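**Q** Sequence first, predicted model second:
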Amino acid sequence: MTAVSAFAPEGVPEVRAGDDLAALLLPLVELTDGDIVVVTSKVVSKAEGRVVDGTRDELLPGETVRVVARRGPTTIVRNRQGLTMAAAGIDESNVERGHSVLLPDDPDRSARELRAAIAARAGRNVGVVVTDTAGRAWREGQTDIAIGAAGLVVLEDYAGRLDAHGNELAVTAPAVADELAGLAELAAGKLAARPFVVVRGRADLVLRAGDDGPGATSLIRAEGGDLFGYGAREAVIRAVTGRSADLLPFGSPAPAEELATAVKVATGLVATVVAPDEVTCGSERLDGVRAVAFAHGWLVEAGENTRDLRLRPSTT
């Protein structure tokens, strides 16, 4: 039976710019090889000087690559670190009024540096996870996730293995770095000023010394790889406006047959699949066809005065 434990040491002082995180942690806990050190992104950011003047609303544009959705005061964006989060992960808590904490510029690098410092000073080979709090689609509440990692298997791949009944697993891939982040949050709590957690009992996930692994960045789906690249309202607006910069999050072009069916359902026009890369239909509902095609990764090539429209997959 595998026993996994999580311990959050007391006694960490307020972290400020320039502080040495390894020096703060090592006097508080006796590490062993195979331990996993989990640290909140907030203290990493504070140590790296990422506390800046300004409110969340003032700083949000500079940390945003793309707006995913807006609902009232909430803005979900894809930020400069590639994460999709509310307000780009900018935090206004536990800092002086009028200041905000930005996420670490490169959380995987932050994890690598802490791992290297622990190895150099304590002689221990550990994994490191940098965490932040995030919401989940379709579920209330928040949980901690891994936004940075070093020396750690972040994703276990069970594809191709057989379960106890002989069934082959197709897409089972536990995001163990996120699971470790959630476990650590349970041990640390939100308001107890315990930013470090040591998880013990999963040494099998810790990579050999000198191998930092792919990092938590490898858990981020590439643009267009997510089924929900926009919020529901935003998807409609972007499909109707049809700007080329908005196309990628819709994903790779849908099969011609799927597009033809969608055109029929949305506009009532009969669409004909001429070839895998060509669909034709009438031009009576041009605006509707353009929007449907755009949302499926296709573009209308013919002009407005052409009787029949020709649709081609986007090359973006």
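**A** That came through, no problem.
**Q** Just to be sure, Ala6 is in a strand?
**A** Yes: the assignment for Ala6 is a strand, going by DSSP: H, G, I helix; E, B strand; the rest coil.
**Q** Please settle this for me: is Val65 part of a helix?
**A** No: according to three-state DSSP, Val65 belongs to no helix; its state is strand.
**Q** If we ignore the residues flanking it in sequence, what's nearest it?
**A** Nearest residue to Val65, sequence neighbours excluded (CB to CB, 6 or more residues apart in numbering): Arg78, at 4.9 Å. The C-beta positions use only the backbone N, C-alpha and C, and glycine is treated the same way.
**Q** and that neighbour, what helix or strand is that in?
**A** If you go by DSSP states H and E, Arg78 is part of strand 74-79.
**Q** So Glu63 sits against Met85, correct?
**A** No: between Glu63 and Met85 there is no contact under CB atoms under 8 Å: 9.6 Å.
**Q** Let me see the ranges of the strands in the stretch 101-250 of the chain.
**A** Counting by DSSP state E, counting those that start in this stretch, the stretch 101-250 of the chain has these strands, from start to end: 127-136, 139-150, 196-200.
**Q** Mean neighbour count and mean pLDDT for the ones you listed - can I get that in a markdown table?
**A** Compiled in a markdown table, these are given as follows (neighbours: other CB atoms under 10 Å; pLDDT from 0 to 100):
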| stretch | mean neighbour count | mean pLDDT |
| --- | --- | --- |
| strand 127-136 | 23 | 96 |
| strand 139-150 | 21 | 96 |
| strand 196-200 | 22 | 98 |
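**Q** Just put those in CSV and tack on distance to Gly182.
**A** Shown next, in CSV, are the strands of the stretch 101-250 of the chain (distance: least, CB to CB, whole Å):
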stretch, distance to Gly182
strand 127-136, 9
strand 139-150, 5
strand 196-200, 11
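**Q** shared neighbours of Glu63 and Met85, which are they?
**A** The overlap between the contact sets of Glu63 and Met85 (CB atoms under 8 Å, 6 or more residues apart in numbering) consists of Val77, Asn79.
**Q** So these two - more neighbours on which side?
**A** Met85 (22 against 19; other CB atoms under 10 Å).
**Q** Tell me how far the closest residue to that one other than its chain neighbours lies from Arg50.
**A** Leaving out its chain neighbours, the residue that sits closest to Met85 by CB to CB, 6+ apart is Ala134, at 5.6 Å. Distance from Ala134 to Arg50, counting by CB to CB, to the nearest Å: 18 Å.
**Q** related to what we said a few turns ago, next up, the contacts around the residue nearest to Val65.
**A** Thr64, Val65, Arg66, Val68, Thr84, Glu223.
**Q** Recalculate using a threshold of 10 Å.
**A** Contacts of Arg78 were listed using CB atoms under 10 Å, 6 or more residues apart in numbering, and they are 64-68, 84-85, 88, 220, 223, 226, 229, 249.
**Q** now Gly127
**A** Going by CB under 10 Å, 6+ apart, Gly127 touches 34-38, 111, 115, 149-154, 177, 180, 199, 202-203, 205-207, 212-213.
**Q** do you know how far the closest residue to it other than its chain neighbours is from Ala203?
**A** Leaving aside its sequence neighbours, Gly127 sits nearest to Leu152 (CB to CB, 6+ apart; 3.6 Å). Distance of Leu152 to Ala203, computed by CB to CB: 11 Å.
**Q** Helices of this structure, start to end?
**A** Secondary structure of the chain (DSSP state H): helices located at 21-25, 41-47, 56-63, 107-122, 176-188, 232-241, 256-267, 286-295.
**Q** Would you state the predicted confidence (pLDDT) at the nearest residue to Leu183 once chain neighbours are set aside?
**A** Spatial nearest neighbour of Leu183, excluding adjacent residues (CB to CB, 6+ apart): Ala6 at 5.2 Å. Among the per-residue scores, Ala6 holds a pLDDT of 97.
**Q** what do you get for Val171?
**A** You'll see Val171 listed with a pLDDT of 66.
**Q** Please apply the same query to Ala164.
**A** pLDDT, Ala164: 79.
**Q** Renumber starting at 491 from here on
**A** Sounds good: first residue 491 from here, last item Ala654.
**Q** what number of residues lie near it?
**A** 5.
**Q** what residues are up against it?
**A** Per CB under 10 Å, 6+ apart, neighbours of Ala654: none.
**Q** Need the phi and psi values for it.
**A** Reported as degrees, to the nearest 10, the phi and psi values for Ala654 are phi -60, psi -20.
**Q** my read: Leu573 touches Pro594, true?
**A** No: at 11.1 Å, Leu573 does not count as touching Pro594 under the criterion of CB atoms under 10 Å.
**Q** And the two? Which one has more around it.
**A** Just comparing Leu573 and Pro594: by other CB under 10 Å the higher neighbour count belongs to Pro594, 24 against 21.
**Q** Can you pull out the low-pLDDT segments for this structure?
**A** Applying pLDDT under 70 to the chain flags residues 491, 661, 793-796, 806.
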